[in-house]
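In: Below: sequence and its predicted model.
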Amino acid sequence: MRVVVFVVLLYLVAIGIPSAAEAQFKVDTVQTGSKPVEDTATWHMTKSPTTAVLLSAIIPGGGQVYLHQWWKVPIIYAGFGSLLYAALLQNSRYIYISDSVNNQTARGDFSKANSYASAREFYRDDRDKYYIYTALIYIANILDAYIAAHLYDFDVSDDRPKTAGTSKYSSGSLMQPEHHLSFNFHLHF
């Protein structure tokens with residue numbers, strides 16, 4: 001039941017956040033005569049953050065595939081697989097120790113039952129910790145798809161011409177840095 005409530009809340013958040021962010025990118029038109037002309041100064045997103053979030057929420061890694069970031073999918077599934085394996089392993093240990101506690105209690109050996117009970121609580125807490133980490137991977141997957149969709153069209157190329165002496169990055173010749181950075185490490189044993 002908790003999982004269903006969590007998924008519904010996540011869906012509502014995913015629908016609400018991107019739609020508010022996309023509202024600022026509506027097409028601006030100028031009326032010239034009888035035919036409206038689209039303003040070319042406005043920017044239009046190529047990939048929809050809503051679609052990326054929904055794909056990642058339904059199928060983890062789906063938003064990354066939609067955004068052509070294939071290399072992230074194995075990382076996501078490796079995280080899910082390893083954390084779910086650890087959670088299931090701790091769950092099986094928890095069940096085994098719970099049976100040991102019940103057996104020792106039925107025999108009347110309460111000192112062993114108490115020592116098994118502390119181990120049982122350890123395995124339960126560890127199992128729950130791995131489930132929380134799995135949920136965090138799921139949320140990080142969705143956030144990554146949302147952010148990557150917004151940055152999909154972001155251009156970091158430098159379109160300025162590189163000529164000798166005119167760039168702030170060059171001094172006299174093309175692409176020679178003006179500042180140097182070095183690290184010195186000294187190990188003493």
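Out: Alright, I've got the coordinates. Numbering: from 1, shown residues only.
In: What is the top helix by length along the chain packed up against?
Out: Determined from DSSP state H, the single longest helix within the chain is helix 110-150. Helix 110-150 is packed against helix 2-22, helix 49-58, helix 62-66, helix 72-107, with contacts defined by 3 or more CB pairs under 8 Å, 6 or more residues apart in numbering; DSSP states H and E. Bear in mind the C-beta positions are built from the backbone N, C-alpha and C, glycine included.
In: Q64 is in contact with W70, correct?
Out: Yes: using CB atoms under 8 Å, W70 is in contact with Q64, at 7.2 Å.
In: Of these two, give the one with the bigger neighbour count.
Out: Q64 (23 against 10; other CB atoms under 10 Å).
In: Was I right to think the more buried one contacts I75?
Out: No: assessed by CB under 8 Å, Q64 is found out of contact with I75, at 9.2 Å.
In: pLDDT at the closest residue to V73 other than its chain neighbours, what is it?
Out: Using CB to CB, 6 or more residues apart in numbering and skipping residues adjacent in sequence, the residue nearest V73 is G61, 4.0 Å away. On pLDDT, G61 comes in at 95.
In: Now for G61, how many residues are close by?
Out: For G61, the count of nearby residues is 21 (other CB under 10 Å).
In: Pull the contacting residues for it.
Out: 72-73, 76-77, 141 (CB atoms under 8 Å, 6 or more residues apart in numbering).
In: if we can go back for a sec, now the angle between helix 72-107 and the longest helix of the chain, please.
Out: Interaxial angle, helix 110-150 versus helix 72-107 (axes from the mean of the first three to the mean of the last three CA atoms, to 10 degrees): 160 degrees.
In: just to revisit the earlier point, can you work out which residues contact both of Q64 and I75?
Out: With CB under 8 Å, 6+ apart, Q64 and I75 have no common neighbours.
In: Would you double-check that S157 falls in a helix?
Out: No: counting by DSSP: H, G, I helix; E, B strand; the rest coil, one finds S157 to be coil, located in no helix.
In: Since that was my last question, I'll sign off now.
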